[in-house]
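Chemist: output the structure for:
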Amino acid sequence: MTDKRTQRIFTGRHMAAILVAFFGVVITVNIIMASYALSTFGGTVVDNSYVASQHYNEWLARAAAQDRLGWERSVGVDADRHVKLLIVKDGVPLHPLQVVATLSHPLGRVQPRAMHFELEPNGGLRSRTAIPAGRWRLDLTIRHGNEEARYREELQ
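Modeler: Predicted structure coming up:
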């Protein structure tokens, strides 16, 4: 008895088709992932890391001086999505405060905007406008007399 099935021979064309398909999938996935990465890139933290490193000791000294102020901060979002801020020293809210606040999106998709605060009866501050839902970064510069502190808060 002879077998009527014909055997298929693996040729160079088969191998070429496998290689083209494999590298086609790899290249396609790389292009898709690179386009996603570029579309969500929020920018750099510093433009030149070497130049920024030259200021590192200065930043450490400024942070130590800020810690010596003894200020305790409480930053949050209330039910109406207003930012609440309370700066306390030795259990007493600091007053008057000059606050410069900038609200920005962590990925840079929305232009940063200035936040303005009004005094509350408890000595804290409340933002005049509500913030949209989502994750936000709040950069604060707070002055009380000749003293100054800078904070960065993540809000949700």
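Chemist: helix or strand right after the helix ranked longest in the chain?
Modeler: Longest helix in the chain by number of residues (criterion: DSSP state H): helix 12-39. Counting by DSSP states H and E, the element after helix 12-39 in chain order, helix or strand, is helix 49-53.
Chemist: list the contacts of that following helix.
Modeler: Residues outside helix 49-53 that contact it (Cβ atoms under 8 Å, 6 or more residues apart in numbering) are residue 46. For the C-beta atoms, the positions are set from N, CA and C on the backbone; glycine is no exception.
Chemist: which stretches in the chain count as strands?
Modeler: Along the chain, counting by DSSP state E, strands occupy 71-77, 83-89, 92-93, 98-104, 113-115, 117-119, 125-127, 136-144, 147-155.
Chemist: need those strands in a markdown table (columns: distance to residue 16, mean pLDDT and mean neighbour count).
Modeler: A markdown table is the format used below for the strands of the chain (distance: least, Cβ to Cβ, whole Å; pLDDT from 0 to 100; neighbours: other Cβ atoms under 10 Å):
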| stretch | distance to residue 16 | mean pLDDT | mean neighbour count |
| --- | --- | --- | --- |
| strand 71-77 | 60 | 95 | 15 |
| strand 83-89 | 62 | 95 | 19 |
| strand 92-93 | 76 | 92 | 12 |
| strand 98-104 | 52 | 95 | 16 |
| strand 113-115 | 57 | 95 | 14 |
| strand 117-119 | 68 | 95 | 13 |
| strand 125-127 | 64 | 96 | 21 |
| strand 136-144 | 52 | 95 | 17 |
| strand 147-155 | 53 | 94 | 14 |
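Chemist: now distance to residue 35 too, for those strands, in JSON lines please.
Modeler: Formatted as JSON lines, the strands of the chain follow (distance: least, Cβ to Cβ, whole Å):
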{"stretch": "strand 71-77", "distance to residue 35": "34"}
{"stretch": "strand 83-89", "distance to residue 35": "35"}
{"stretch": "strand 92-93", "distance to residue 35": "50"}
{"stretch": "strand 98-104", "distance to residue 35": "24"}
{"stretch": "strand 113-115", "distance to residue 35": "29"}
{"stretch": "strand 117-119", "distance to residue 35": "41"}
{"stretch": "strand 125-127", "distance to residue 35": "37"}
{"stretch": "strand 136-144", "distance to residue 35": "26"}
{"stretch": "strand 147-155", "distance to residue 35": "28"}
